[in-house]
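**Q** sequence and computational prediction follow.
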Amino acid sequence: MTTAKARKAFQERKRQVEAARILGMQSGENVAALTPELVRKHLFSLLDAPDIAERGLPGCVITEFKRCGRARCRCARGLLHGPYYYWYGRIFGTTWKHYLKREGAPRIIALCQLRRERRMTRQRLRASLRFLKAQWRYLDTLTGRDS
């Protein structure tokens, strides 16, 4: 296998594992069989998962205003209909969009924000560890204890 094919296969497997982690799939489930339709099905089942309050949801909620297209409607003069809430995300290079009822939108917004905050916390922790390791290596070089 050429390096380009191997890299592509590795990236595809990495995407599948990431999608399985996001979807909360068990390690024994067939990750290779994930298709965009199956991913959407799993994502929408996440909304009712009992442990979703601890994990958060991937994606974001976007407010949209729409134009209906009728000639005599107020939206033809610029007063668009809405707001309509949509839950957006991207997995496997596929963007998905799901309509949210007005009553359910604040809950989904909070869950998406929770996941984003946790992800940022993990990223900050990793950056701090990288910085500390670099400082440790620098101190080792100053003291002459190269490893």
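**A** That came in fine, so what should we check first? Residues are numbered from 1 along each chain as shown.
**Q** in the protein, which residue is most central in space?
**A** Pro58 (3.5 Å; CA atoms, centre = their mean).
**Q** residues near the closest residue to Trp87 other than its chain neighbours, how many?
**A** Distances taken as CB to CB, 6 or more residues apart in numbering place His98 nearest to Trp87, at 4.5 Å, with adjacent residues excluded. (Each C-beta comes from the backbone N, C-alpha and C, glycine too.) When neighbours are counted by other CB atoms under 10 Å, His98 registers 16.
**Q** please report phi then psi for His98.
**A** With angles defined as degrees, to the nearest 10, His98 sits at phi -140, psi 130.
**Q** where do the strands sit along this protein?
**A** Taking DSSP state E, the strands of the chain run over residues 60-66, 81-91, 94-100.
**Q** for stretch 61-81, measure first residue to last.
**A** Using CA to CA, to the nearest Å, the end-to-end distance of stretch 61-81 comes to 18 Å.
**Q** roughly how far is it from the heart of the chain?
**A** Here stretch 61-81 is found 29 Å from its chain centre; the criterion is CA atoms, centre = their mean, to the nearest Å.
**Q** which positions in that stretch come out as buried?
**A** Across stretch 61-81, burial judged by 16 or more other CB atoms under 10 Å covers Val61, Leu80.
**Q** in this structure, which segments are predicted with low confidence?
**A** 1, 16, 18-36, 92-93, 146-147 (pLDDT under 70).
**Q** run the chain-centre distance for the top helix by length along the chain.
**A** With residue count as the measure and DSSP state H as the assignment, the chain has helix 105-143 as its longest helix. Offset of helix 105-143 from its chain centre (CA atoms, centre = their mean): 17 Å.
**Q** buried set for that helix?
**A** Ala105, Ile108, Ile109, Leu111, Cys112, Leu114, Arg115.
**Q** tally of neighbours for Thr95?
**A** 11.
**Q** so who does the closest residue to it other than its chain neighbours touch?
**A** Spatial nearest neighbour of Thr95, chain neighbours left out: Tyr88 (6.7 Å); criterion: CB to CB, 6+ apart. Contacts for Tyr88 (CB atoms under 8 Å, 6 or more residues apart in numbering) come out as Gly59, Cys60, Val61, Ile62, Thr95, Trp96, Lys97.
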